[in-house]
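A.B. asks: only the shape, not the letters, is given here:
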């Protein structure tokens, strides 16, 4: 395969890559809609001047729900995107590993 053919094949492969979470997309959307509802509930609690500890309890629940989504997506990324890139064994593998490492660092800091 010539260099041009390899580049064209790579573009096609990357263009048609299926994200790891695609098979759980409906579950993620359902969870995110639930979190969206929690955010509206928090706004309502503040608007209604509810007790601050009750609001903080709900913030904690929402934070845990977001972390759960993030960890699920990270797991999907590792199991699919990183593994697929590692199989290719080129610079793409390094890129995907760096993305995962950066995502982990952001999650740990949050």
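C.D. replies: All right, it came through fine. Remember, predicted model here, so these are calculated numbers, not experimental data. Numbering: from 1, shown residues only.

A.B. asks: give me the number of residues near the residue nearest to residue 82 when sequence neighbours are not counted?
C.D. replies: Closest residue to residue 82 apart from its sequence neighbours, by C-beta to C-beta, 6 or more residues apart in numbering: residue 96 at 4.6 Å. All C-beta atoms are positioned from the backbone trio N, CA, C, and that covers glycine. The tally of other residues near residue 96 (other C-beta atoms under 10 Å) stands at 20.

A.B. asks: and residue 96, what does it touch?
C.D. replies: By C-beta atoms under 8 Å, 6 or more residues apart in numbering, the contact set of residue 96 is 77, 81, 82, 85, 86.

A.B. asks: now swap in residue 70 and tell me
C.D. replies: With contacts defined as C-beta under 8 Å, 6+ apart, the neighbours of residue 70 are residue 107.

A.B. asks: after the helix or strand harbouring it, which helix or strand is next?
C.D. replies: Element membership for residue 70 (DSSP states H and E) is helix 52-76. Next along the chain after helix 52-76, taking DSSP H and E as the criterion, comes helix 83-88.

A.B. asks: and that following helix, what does it pack against?
C.D. replies: helix 91-109 (3 or more C-beta pairs under 8 Å, 6 or more residues apart in numbering; DSSP states H and E).

A.B. asks: relative orientation of the helix holding residue 70 and helix 91-109 in degrees?
C.D. replies: Helix 52-76 runs at 160 degrees relative to helix 91-109, counting by axes from the mean of the first three to the mean of the last three C-alpha atoms, to 10 degrees.
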